[in-house]
Structures are given as structure tokens and as C-alpha cells.
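Trainee: Pasting the sequence and the predicted model now:
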Amino acid sequence: MTVDLGAVQETLLIPLYGRADLTRQGSALIDDPKAAEMVEAIDYDFARFDGTPSLFGCVLRTRIYDHWISRWLREHPAGTVVEIGAGLNTRFERLDNGRVHWIDLDLPDAMELRRRFFVETDRRRLLAGSVLDGEWLDVVASSPGPWFFAAAAVLIYLPEADVRRTLGRVARRFPGSPIAFDTWGSWMLERGGDLRLVESCTFPTAPSAVLDLVADEIRELMIAFADDPRVQEYRQNLFESVRR
């Protein structure tokens, strides 16, 4: 199966391969046979990613978001999770509790690829569109609340003005909702606007429930680089939209 993706959308293949690779290695961090199945089905030179640190980082980021969302689902088991820039993620397969509602949002070419492997159900919606457009918010509003928004490796590709506009729309439409996304640097942490920071971590300071799944030798290496400015600048953040 060949893929035809834009340059940014093509980056969705990196976390896919990372999950498949660690699954094949038997890592405690991830068990994702669906990812391995998709890698086998897609005609692409995934070997170009071998040995890159981003592979492990993508999986660790995925597990941090899994941790936050699964914790939220314990309190809101029938709420709606909105995965912005879903790519070929399998988070629904990992976290489905039989009651949660789920909306996967991505650009049309990425969603076309996603539809080859996933199908809609009465609790799961596959939505093609841009996060910069407002129409998808109407679809979210029609799904049962409360809502959790996750946008991993999406907003960092957008200009700051677009990020602020998008997050403002979400916060005003869904006050009190948690919103998880990654950042480079501190501009969003310092000037959240409609958002209140709940948690923020680097990879070495990820929640202990996630770090406990990392092999000892890798965890020690992460700790050794914890003070590196490049490591400190890339953060995973959990915000809550401010009620007004």
C-alpha cells in the first residue's frame, strides 16, 4: 500500500514506526500490534528512521498522553476524547473502556490513509479537516461531554497566532476541558491566555507511571541529559480551559 502525504503529514509515520519497533522488541513501554500490522501493510522505507532518538521520544510522548487521558476517563468514562492530528495513532484501541466517545481529526490526506485501517462506529468518528477551521468544533459539541482534547506534535508546526486563535476557540467553546499538547520553549506556558497550566513535564520528568515502563539503561540515559537545554525546552503539557 503506497502513501501520498504532505511533508508535515508524512511525519505521522515516525510515531507509527516507533510504536511498531518497540512492540517487536517486546518493550514494556508499548504493546501495539496494530502499529506493526500497519507498518507491514504500507509501502514505505521505514528503515530511514532506524536509530533516530525521535522514535523512542514519540512513543514516550504517546504514553504520557495515554496516562493523562486514562486518568481522566476514570472520572468521565462516557465523555468524548478529541484526538487532533490523529495520524495513525491507536490510542482508542489502547484506552477504549466500552463507553468513551472518540473523535479523530486530521487533514484530508492523512484521514484518507487512516480510513484504510480504521472504521467509524457509534462511538468513534473519523473527521477530515484542519484544526484551523471552526467546523470541527460543531462536531465535537454534538458528542457527549465532558471533553478531553489531545494534540501531540500538531501545534508546534503552526505559527503562534494560529495556535492562540485555535486554542482560544476551544477554550471558549468548551470551558473547563483539559487540553494536552507539546511545546518548544516557554511562550505558551508563560502566556496561556484562556488556559490554565495543570501539568508540564520533559521526558526525564514524565509521570512515574510512564517512566516505570522504560528500560533502566534508557531511563539512566534520560536522567543524564535532563539538564540539557534542548531536553528542557521540549515539554508535554496538560492545560485546562478557563471557565469565565
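Mentor: Everything's here; your move. Remember, it's a predicted structure, so these values are computed and weren't measured experimentally. Residues are numbered from 1 along each chain as shown.

Trainee: contacts, neighbours, all on C-alpha from now
Mentor: Will do.

Trainee: Give me the spatial nearest neighbour of the one residue sitting closest to the centre of the chain, chain neighbours excluded.
Mentor: Taking CA atoms, centre = their mean as the criterion, residue 152 is the residue nearest the geometric centre of the chain, at 3.4 Å. Beyond its immediate neighbours in the sequence, the residue positioned closest to residue 152 (CA to CA, 6 or more residues apart in numbering) is residue 181, lying 5.2 Å away.

Trainee: and residue 119, which of the three is it?
Mentor: Following DSSP: H, G, I helix; E, B strand; the rest coil, we place residue 119 in the coil state.

Trainee: How about residue 200?
Mentor: Secondary structure state of residue 200, per three-state DSSP, is strand.

Trainee: Let me know the pLDDT of it.
Mentor: As summarised for this prediction, residue 200 has a pLDDT of 95.

Trainee: swap in residue 186?
Mentor: Reading off the per-residue confidence, residue 186 sits at a pLDDT of 63.

Trainee: Test my guess that residue 2 contacts residue 45.
Mentor: No - here residue 2 does not reach residue 45: they are 10.7 Å apart, not a contact under CA atoms under 8 Å.

Trainee: For the residue nearest to residue 152, what is the enclosing helix or strand?
Mentor: Following DSSP states H and E, the helix or strand that holds residue 181 is strand 178-184.

Trainee: ok, now which ones touch residue 92?
Mentor: The contact partners of residue 92, by CA atoms under 8 Å, 6 or more residues apart in numbering, come to residue 102.

Trainee: Convert the C-alpha atoms of the helix or strand encompassing residue 140 to PDB, please.
Mentor: Using DSSP H and E, residue 140 sits in helix 135-141. Included here for helix 135-141 are C-alpha records, laid out as PDB according to Å, rounded to 0.1, in the frame of the first residue of the first chain:
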ATOM      1  CA  GLU A 135     -16.400  23.400  11.600                       C
ATOM      2  CA  TRP A 136     -14.900  20.500  13.600                       C
ATOM      3  CA  LEU A 137     -15.900  22.200  16.800                       C
ATOM      4  CA  ASP A 138     -19.600  21.800  15.900                       C
ATOM      5  CA  VAL A 139     -19.000  18.000  15.500                       C
ATOM      6  CA  VAL A 140     -17.300  17.900  18.900                       C
ATOM      7  CA  ALA A 141     -20.200  19.800  20.500                       C
END
